[in-house]
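J.: Please find the sequence and the predicted model below.
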Amino acid sequence: MHPELIHIGNFKIASFGAAMVVAFLLSLMVASRRAERFGFSKQQVSDVAFVAIIGGILGARIFFIAQRLPYYLAHTDELFSLQMQGLTSFGGFIIGGIAAAIWCRRKKLSVIGFLDLAGPAFLLGHAVGRIGCLLNGCCHGAVATSAFPFTVYSAEARAQTVPAQLYDSAMNLIVFFLVLQLEKRSTKPGYTFGLVFLLHGITRFIYEFFRAGSSSTTIGGSPFTEGHVMAIAVSLFGLYFFLRPVKAEVTE
């Protein structure tokens, strides 16, 4: 863990915040380079990206509060405290995407086109963001056993834990390059972002087996978590767009 990247006197830069900035800039760079191919200008991509990041932050906070609603009903003073451990990626993913879709519709831009354009950029940003989680100590893995040669210390768990964040980062980075190769096989609208959703859901499903923490609540006595359910939903949503028949004209 290394939650503070720089700390000189009263000046400090949080590792998680720095990782989020890097993730956003890298994602924006990738999306901007893909803009013309999908009928967008770089300025339009920047505008939609800004809306998506604001929506994503709000969504990540709202979903986190919903997961721990009894706690926040008893501690209402913490509702508007945007702490780094008070976010969940699924909330950011869903609400950020909805915010981007609404913006595109208002500006008469192709929603499907933007999602195809931005899908790989999201994967890269997520991979970088998980490095921030590792440094911050959030979204940590389960307490490690001797079967794991490489472990990281978690202040939250007060033990050596499985580096689940690195696993998730590596899987999404692999999927990022895989999607860039596979999208060359089809020009069907929705193919790329359907593939992104499908594969990202699979990586998240795997990641949940290694993850621990407050948002990884198991269902009944099963080994499955709420995250597993959401991951399946994301994959099925992606599978629909990946397999759906080509239409002569797509109207948003």
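T.: That came in fine, so what should we check first? Since the model is a prediction, treat every value here as computed from it, not as a measurement. Residues are numbered from 1 along each chain as shown.
J.: my guess is residue 196 is in a strand, correct?
T.: No - applying DSSP: H, G, I helix; E, B strand; the rest coil, one finds residue 196 to be helix, outside a strand.
J.: just checking, it touches residue 241?
T.: No - counting by C-beta atoms under 8 Å, residue 196 does not reach residue 241; the two are 9.5 Å apart. For glycine as for every other residue, the C-beta is placed from the backbone atoms N, C-alpha and C.
J.: So those two - more neighbours on which side?
T.: For residue 196 and residue 241, the more surrounded residue by other C-beta atoms under 10 Å is residue 196, and the numbers stand at 27 against 21.
J.: following the least confident helix or strand in the chain by mean pLDDT, which helix or strand comes up?
T.: Least confident helix or strand, the chain: strand 4-8 with a mean of 75, by mean pLDDT, DSSP states H and E. Under the assignment DSSP states H and E, the closest C-terminal helix or strand after strand 4-8 is strand 11-14.
J.: residues in contact with the next helix or strand after that next one?
T.: Next in sequence after strand 11-14, counting helices and strands by DSSP H and E, comes helix 15-34. Residues outside helix 15-34 that contact it (C-beta atoms under 8 Å, 6 or more residues apart in numbering) are 2-5, 42, 45-46, 49, 53, 84, 117-118, 120-122, 124-126, 128-129, 131-133, 135-136, 138.
J.: about what we covered before: against which helices or strands is the least confident helix or strand of the chain packed?
T.: For strand 4-8, the helices and strands in contact under the criterion 3 or more C-beta pairs under 8 Å, 6 or more residues apart in numbering; DSSP states H and E are strand 11-14, helix 15-34.
J.: List the residues that contact the closest residue in space to residue 240 that isn't next to it in sequence.
T.: Residue nearest to residue 240 in three dimensions, not counting chain neighbours: residue 194, with 7.0 Å by C-beta to C-beta, 6 or more residues apart in numbering. By C-beta under 8 Å, 6+ apart, residue 194 lies in contact with 238-244.
J.: try 7 Å this time
T.: By C-beta atoms under 7 Å, 6 or more residues apart in numbering, the residues touching residue 194 are 238-242.
J.: just so I have it, where are all the strands in the protein?
T.: Per DSSP state E, the chain carries strands over the ranges 4-8, 11-14, 152-154, 159-161.
J.: next one: the third one to chain centre, how far?
T.: Right, strand 152-154. Between the centre of strand 152-154 and the centre of its chain there are 22 Å (C-alpha atoms, centre = their mean, to the nearest Å).
J.: got it, and the longest one?
T.: For strand 4-8, the distance between its averaged C-alpha position and the chain's averaged C-alpha position is 25 Å (C-alpha atoms, centre = their mean).
J.: what's the angle between it and helix 15-34?
T.: Here strand 4-8 points in a direction 120 degrees away from that of helix 15-34 (axes from the mean of the first three to the mean of the last three C-alpha atoms, to 10 degrees).
J.: Strand 4-8 pairs with which strands, parallel or anti?
T.: Strand 4-8 has the following sheet partners, assigned by DSSP bridges: strand 11-14 (antiparallel).
J.: what residues does the strand it pairs with touch?
T.: Contacts of strand 11-14 (C-beta under 7 Å, 6+ apart): 3-6, 84.
J.: Just the mean pLDDT for that strand, thanks.
T.: On average, the pLDDT along strand 11-14 is 78.
J.: Among the contacts of residue 194, which ones are in helices?
T.: When DSSP state H defines the helices, the subset of the contacts of residue 194 inside them is 238-242.
J.: Closest one of the residues you listed to residue 175?
T.: Comparing the ones in helices among the contacts of residue 194 against residue 175 with C-beta to C-beta places residue 238 closest, at 11.3 Å.
J.: List the contacts of that closest one.
T.: Listed by C-beta under 7 Å, 6+ apart, the contact set of residue 238 reads 194-198, 201.
J.: low pLDDT regions in the stretch 151-252 of the chain?
T.: Counting by pLDDT under 70, the low-confidence segments of the stretch 151-252 of the chain come to 213-218, 220, 246-252.
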